[in-house]
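**Student:** coordinates for the following, if possible.
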Amino acid sequence: MAVKQYEDLRSARWFRPDDLRSMGHRSRAMQMGLSREDWDGKPVIAIINTWSDLSPCHHHLRDRAEWVRRGILQAGGMPAELPVHDFSEQLLKPTSMLYRNMGAIEVEEALRSHPVDGAVLMGGCDKSTPALVMGAISMGLPFIFMPAGAMLRGNYAGKTLGSGTDVWKYWDARRAGTVDKSEWDGVQGGIARSYGTCMTMGTASTMMSIAEGFGLTLPGASSIPAPDAAHKRMAAACGRRAVEMVWEDLTPGKVVTAAAVRNATVVAMATGCSTNAIIHLIAMARRAGIEWGLDDIDAIGHDVPVIANVRPSGTEYLMEDFFYAGGLPALMKEVSAHLHLTAITVTGKSLGEGISEAVNYNDDVIRNLSNPVYHEGSLAVLRGNLAPDGAVIKPAAMDPRFQTHSGPAIVADSYAELRKIIDDENYPMTPDHVLVLRNAGPQGGPGMPEWGMIPMPKALLRQGCRDMVRLSDARMSGTSYGACILHVAPEAFIGGPLALIRDGDVIEVDIPKRTLNVKVSDEELAQRRADWKRPEPRYERGYGWMFARHVEQADKGCDFDFLRTDFGGPVPEPEIN
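**Tutor:** Next comes the predicted model:
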């Protein structure tokens, strides 16, 4: 049911008045070939597009924008495509995480400064989803998220390949000498066979699923493979629905509620989510003014098991199989007892209504609660004298023998130092050692790169070892696996306890008890702190300089402090004079 009239729309401020400035707006619209019939009485819907020639996961979004445009026109709106940062996970250096907040600012300001009434957000590759959603939440206009969708499953020599997950596996094998260059090249050519995001339950599929868990997509949209014809139909449906949302005044504040945040977290845990989900969940919730932290997420992880049998937490299946099995609606129906089913979604209906007709077509791909892939949620939060503000591990994707572990540290202060250690076939170490990388956090990286998936050292690979405890203040790819403890907060670069440990210090990990400690006395740590010297800043000017001064730590979501909702009053609408 319509709540707004044309005169209530933001875009009407630009196009409706009979004055000098609005005449200029109309004449410039006509300069582009438009006429009054294009804008008069119609909401303007921004198509926020993250396509670029250097974004392989989003390479189809130029085409999908046309399908969104078609839907907007079908529903009586005026489409306006606005390009933003592409968030190319593979090609953007030092890490796309460095630019998530910049992208969120760009989205917020693009929506604020242009004559638009609502938006369709097009993205999917790792940081694009949180960046788009964070910016749109802060702006407050009605929006719907259109997931880019996962690529087709990989294939080489008759074997199914999973994004990232099989790269790490074959790289370990090549470094161990059991895979030659021709086979490595074959994997290279077969692992990414179409446009779309990683087809494992990596960060991309995790965040698209979380967006649906928030209620920000059409039902089932996050699971549709990018090359599937249904993806085009979904894109057009997003355009139609965005127009309706403007008339209904269905703003993000009515969708992104405390109940929606909990639902998104339940979805994350049940899917076997990427460790990156924690950082983005916290940041997205806080943009909506909802306090949500590590302990809230860990509590849900205790109760909600992993039921998506999709790599890397699962052993066989990929996102294409997940879609055929019923997709996210089927998974949410399996865990419906843990969800707030009355939460409103962008459809204008409740989450419960959206999943009411979902069917699980394959209970090995989407397990039920009595037969989970892993008995708890995907992630666990650890605390102790090494991580007073928390650290994260993915128990569902590691060797179970490291659930409790104690071993001496081998410490690297940089990735260059780490590479020397892991590439030395004769480095003195055992599988009980704990390999530590520090100064790779939000400020130290900079941008908290995905260096936490520390490759297995050659010295251990030659012995047949494929996992060991690895510890860092970095992140890791959601397609990764192994006993990698990540996001240690505070980070070493600003003087967190990780900066104080030395080679040979004994690190103790107890995942069931959620603890992470170093066996060094408080007095010794205090002396080491007194001797510690802060590293030189990574940047002396530009965006990196600003980033370092305003980025928050991992336990706070790595947002900029000045973008918090409690930082200041709301930003006013732009003056038109």
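
**Student:** flag the shaky bits of this protein, pLDDT-wise.
**Tutor:** 1 (pLDDT under 70).

**Student:** remind me, longest strand of it?
**Tutor:** Longest strand of the chain, by residue count under DSSP state E: strand 404-412.

**Student:** partner strands of it, parallel or antiparallel?
**Tutor:** When pairing is defined by DSSP bridges, strand 404-412 lines up against strand 434-437 (parallel), strand 506-510 (antiparallel).

**Student:** winner for burial among those strands?
**Tutor:** Of the strands paired with strand 404-412, the one with the most neighbours on average (mean count of other Cβ atoms under 10 Å) is strand 434-437, at a mean of 26. The way it works is simple: take the backbone N, C-alpha and C, and place the C-beta from them, glycine included.

**Student:** beyond that one, next helix or strand please.
**Tutor:** helix 458-461 (DSSP states H and E).

**Student:** centre of the chain versus that following helix, how much separation?
**Tutor:** Averaged C-alpha coordinates place helix 458-461 at 31 Å from its chain's average position (Cα atoms, centre = their mean, to the nearest Å).

**Student:** repeat for stretch 419-433
**Tutor:** With Cα atoms, centre = their mean, you get 32 Å for stretch 419-433.

**Student:** stretch 515-534 too?
**Tutor:** Taking Cα atoms, centre = their mean, the mean C-alpha location of stretch 515-534 is offset from the chain mean by 33 Å.

**Student:** end to end on it, go ahead and measure it.
**Tutor:** 27 Å (Cα to Cα, to the nearest Å).

**Student:** can you list the residues that contact the longest strand of the chain?
**Tutor:** 418, 421, 429-430, 432-438, 469, 471, 483, 501-512, 518-519 (Cβ atoms under 8 Å, 6 or more residues apart in numbering).

**Student:** show me which positions of stretch 20-36 end up buried.
**Tutor:** For stretch 20-36, burial by neighbour count (16 or more other Cβ atoms under 10 Å) applies to S22, H25, R26, A29.

**Student:** that older thread, the helix or strand following the longest strand of the chain - contacts with which helices or strands?
**Tutor:** Of the helices and strands lying after strand 404-412 in sequence (DSSP H and E), the nearest is helix 415-422. The contact analysis (3 or more Cβ pairs under 8 Å, 6 or more residues apart in numbering; DSSP states H and E) places helix 415-422 against strand 404-412, strand 434-437.

**Student:** okay, the angle between helix 415-422 and strand 404-412?
**Tutor:** 120 degrees (axes from the mean of the first three to the mean of the last three Cα atoms, to 10 degrees).

**Student:** list the buried ones in the longest strand of the chain?
**Tutor:** Buried residues in strand 404-412, counting neighbours by 16+ other Cβ under 10 Å, are found at H405, G407, A409, I410, V411, A412.

**Student:** for stretch 160-176, same thing?
**Tutor:** By neighbour count on 16+ other Cβ under 10 Å, the buried set for stretch 160-176 is 160-170, 172-176.

**Student:** same question for stretch 247-255.
**Tutor:** Within stretch 247-255, the residues that count as buried by 16+ other Cβ under 10 Å are W247, E248, L250, T251, P252, K254, V255.

**Student:** so the third one versus P115, what's the distance?
**Tutor:** Read that as L250. L250 sits 20 Å away from P115, going by Cβ to Cβ, to the nearest Å.

**Student:** what do you get for the fourth one?
**Tutor:** Distance check for T251 against P115: by Cβ to Cβ, it reads 18 Å.

**Student:** list the contacts of Y317.
**Tutor:** N309, V310, R311, D364, V365.

**Student:** the last one contacts D321, doesn't it?
**Tutor:** Meaning V365. Yes: with contacts counted by Cβ atoms under 8 Å, V365 reaches D321, the gap being 5.2 Å.

**Student:** overlap of the contact sets of those two?
**Tutor:** V310.

**Student:** the more surrounded of these two?
**Tutor:** V365 (23 against 20; other Cβ atoms under 10 Å).

**Student:** report how many residues lie close to the residue nearest to that one when sequence neighbours are not counted.
**Tutor:** Excluding the flanking residues, the one nearest V365 by Cβ to Cβ, 6 or more residues apart in numbering is A325, at 3.9 Å. A325: 22 surrounding residues under other Cβ under 10 Å.

**Student:** need the contact list for A325.
**Tutor:** A325 neighbours (Cβ under 8 Å, 6+ apart): N360, Y361, N362, V365, I366.

**Student:** circling back to that earlier point, can you put the helices and strands packed on helix 415-422 in TSV and add distance to K42?
**Tutor:** Formatted as TSV, the helices and strands packed on helix 415-422 follow (distance: least, Cβ to Cβ, whole Å):
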stretch	distance to K42
strand 404-412	58
strand 434-437	54
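
**Student:** tell me which of these approaches G190 most closely.
**Tutor:** Closest to G190 of these is strand 434-437 (Cβ to Cβ; 30.5 Å).

**Student:** output that closest one as PDB, nothing but the C-alphas.
**Tutor:** Taking C-alpha atoms only, strand 434-437 is exported to PDB below (Å, rounded to 0.1, in the frame of the first residue of the first chain):
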ATOM      1  CA  VAL A 434      52.600 -22.300  16.900                       C
ATOM      2  CA  LEU A 435      53.500 -20.200  13.900                       C
ATOM      3  CA  VAL A 436      52.800 -16.500  14.700                       C
ATOM      4  CA  LEU A 437      52.400 -13.600  12.200                       C
END
